[in-house]
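J.: sharing a model that was predicted from the sequence below.
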Amino acid sequence: MTEAHAKRQCLIAECIAGNEVAIEALIREYEAGVFRLAFSILEDQAEAHEVTQETFLSALRALPSYREQKSFQAWLYTIAVNRSRSHLRKRKVLERLRSSLTAIFRVEKEKQVSPEEAAIQNEKEADLWRSIHELDERHRIVLVLRYFHELSIAEISEVLSVNEGTIHSRLHNARAKLRDRLKHLHGE
Amino acid sequence: MSITHEQAQRLIQLNMDQTLSMEESTKLSAHLRTCRECTVYAGEVKEVANMLSRMMKRQWNAQPVPLSIRTLVEKRKKLSSSTLLTMRTAAVSLVVMALFFSAWQFVLSNQMPSSRPSAALPPVPTPSSSTVQTVSAQLTREGCAILTYTVQREDTLSSIAEQFSVSEHTLAEFNQLEAQAIHAAMELQIPVCHFTPTGTFHVATFTTTLTPALNFKTSTPGG
């Protein structure tokens, strides 16, 4: 057992006991990671903020049931991913409602989500960004965890509670699809 | 020994996420040496991965993390403390309201000569005189706590008045004492009002100035 690990266990025990200082330290340590995870899935600052809060609230509530079969970060990220997903589902319902309303009233459709200008430096990247959003949620989340959060396959499998073989095949499919799409658009 | 393109591509992909076994690795490199198509594929997939990692970081790392600790800690506070806060707020606002009310009473009783009460009080329709009487009774006692004090052997009216910071006059009038005479074991009603800290402005004033005003209202037409 490493020193950092022992320290974390101690911190968690303090949090369970209701020590405000420990709780604040715990939140401070993981806040940025959880927020970035939620933001990379939801791409909405306000919603990501909400998910961050929800994640910590339910994590603190569920802390006594945390066992060491998972790394703490993976455990926290699992909660964050699940919360983000439920927000996505809610959003999907709203979107469906909105699209049916626009169909009924023939209101002009809002323009599609475009990538932020700062992050995109050329045409190819813009196409890639759009292609990511054409992937379904399961593939997109795996890409985000792999390439933005730089988790290993084992860690992703822990976070999503999906076995490693499935993660491999999702990554494979996602990358192959993106490659095909780029090749199609920029035929070499 | 040789593998198909499909198998090679699977290995190329796998290689990006974990290290291949010795056997897989030799198979793949043997295939890539002879197959140009798969070499191109490997390059393209690698480029996609690099672009993904670069773009996501540029896109999302720039995003400032909002400080949520304060709100979280506040949200976590237990219900009891929040109700306590509500009760405190309610109590404070009650005191403020009582102060305002007493200030209003003070202004009313000072500015308004009893001969012309209608100038300050707009005619309000009131159903009957009996309800008005109860209202006036409440008005005089609002803002005051009534203490019951049993007179001791050595007490004088002035000592009691001083003890409770009320004037002798108030005490006498409030208890309807004749000639300010008190005796031991007698029970005195002592009004403790927020708005009479010096004792110069006493409860009795209300009764004399307000009651005619309210009585006047009942006689206004259109009631």
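T.: Sure thing, it's come through.
J.: quickly find the element holding A:Arg98.
T.: Secondary structure assigned from DSSP states H and E places A:Arg98 in helix A:72-105.
J.: one more: B:Ala184?
T.: B:Ala184 belongs to no helix or strand, assigned by DSSP H and E.
J.: that one and B:Gln152: what is the separation?
T.: 6 Å (Cβ to Cβ, to the nearest Å). In this view, the C-beta of every residue, glycine as well, is placed from N, C-alpha and C.
J.: B:Val96 too?
T.: Per Cβ to Cβ, B:Val96 is found 37 Å from B:Gln152.
J.: and B:Ala49, by the same measure?
T.: 94 Å.
J.: in terms of packing, which of those two has more residues around it?
T.: Higher neighbour count among B:Ala49 and B:Gln152: B:Ala49, with 20 against 11, using other Cβ atoms under 10 Å in any protein chain shown.
J.: so is the helix or strand where that one lies next to chain A?
T.: Taking DSSP H and E as the criterion, B:Ala49 maps to helix B:36-61. Yes: Helix B:36-61 is in contact with chain A by Cβ under 8 Å from any Cβ of the partner chain, via B:41, B:44-45, B:48-49, B:51-53, B:55-61.
J.: by mean pLDDT, which helix or strand of chain A comes out lowest?
T.: When each helix and strand of chain A is scored by mean pLDDT, DSSP states H and E, helix A:3-17 comes last, with a mean of 81.
J.: quick one: buried residues of the next helix or strand after it?
T.: The helix or strand immediately downstream of helix A:3-17 is helix A:20-42, counting by DSSP H and E. Residues of helix A:20-42 classed as buried by neighbour count (16 or more other Cβ atoms under 10 Å in any protein chain shown): A:22-23, A:26-27, A:30-31, A:33-42.
J.: contacts with chain B among those, please.
T.: Contacts with chain B are made by A:23, A:27, A:31, A:35-36, A:39-40 out of those, judged by Cβ under 8 Å from any Cβ.
J.: avg pLDDT for stretch B:60-75?
T.: The average pLDDT for stretch B:60-75 rounds to 65.
J.: so where is chain B shaky, pLDDT-wise?
T.: Chain B contains residues with pLDDT under 70 at B:1, B:66-83, B:111-144, B:179-180, B:193-223.
J.: which stretches in it count as helices?
T.: Listed in chain order, the helices found in chain B under DSSP state H are B:5-17, B:22-34, B:36-61, B:69-76, B:79-111, B:129-141, B:157-163, B:168-174, B:203-219.
J.: so which elements touch the helix holding B:Ala49?
T.: helix A:20-42, helix A:123-134, helix A:164-185, helix B:5-17, helix B:22-34 (3 or more Cβ pairs under 8 Å, 6 or more residues apart in numbering or on different chains; DSSP states H and E).
J.: just want the angle from that helix to helix B:5-17.
T.: Interaxial angle of helix B:36-61 relative to helix B:5-17 (axes from the mean of the first three to the mean of the last three Cα atoms, to 10 degrees): 30 degrees.
J.: brilliant, that's me finished.
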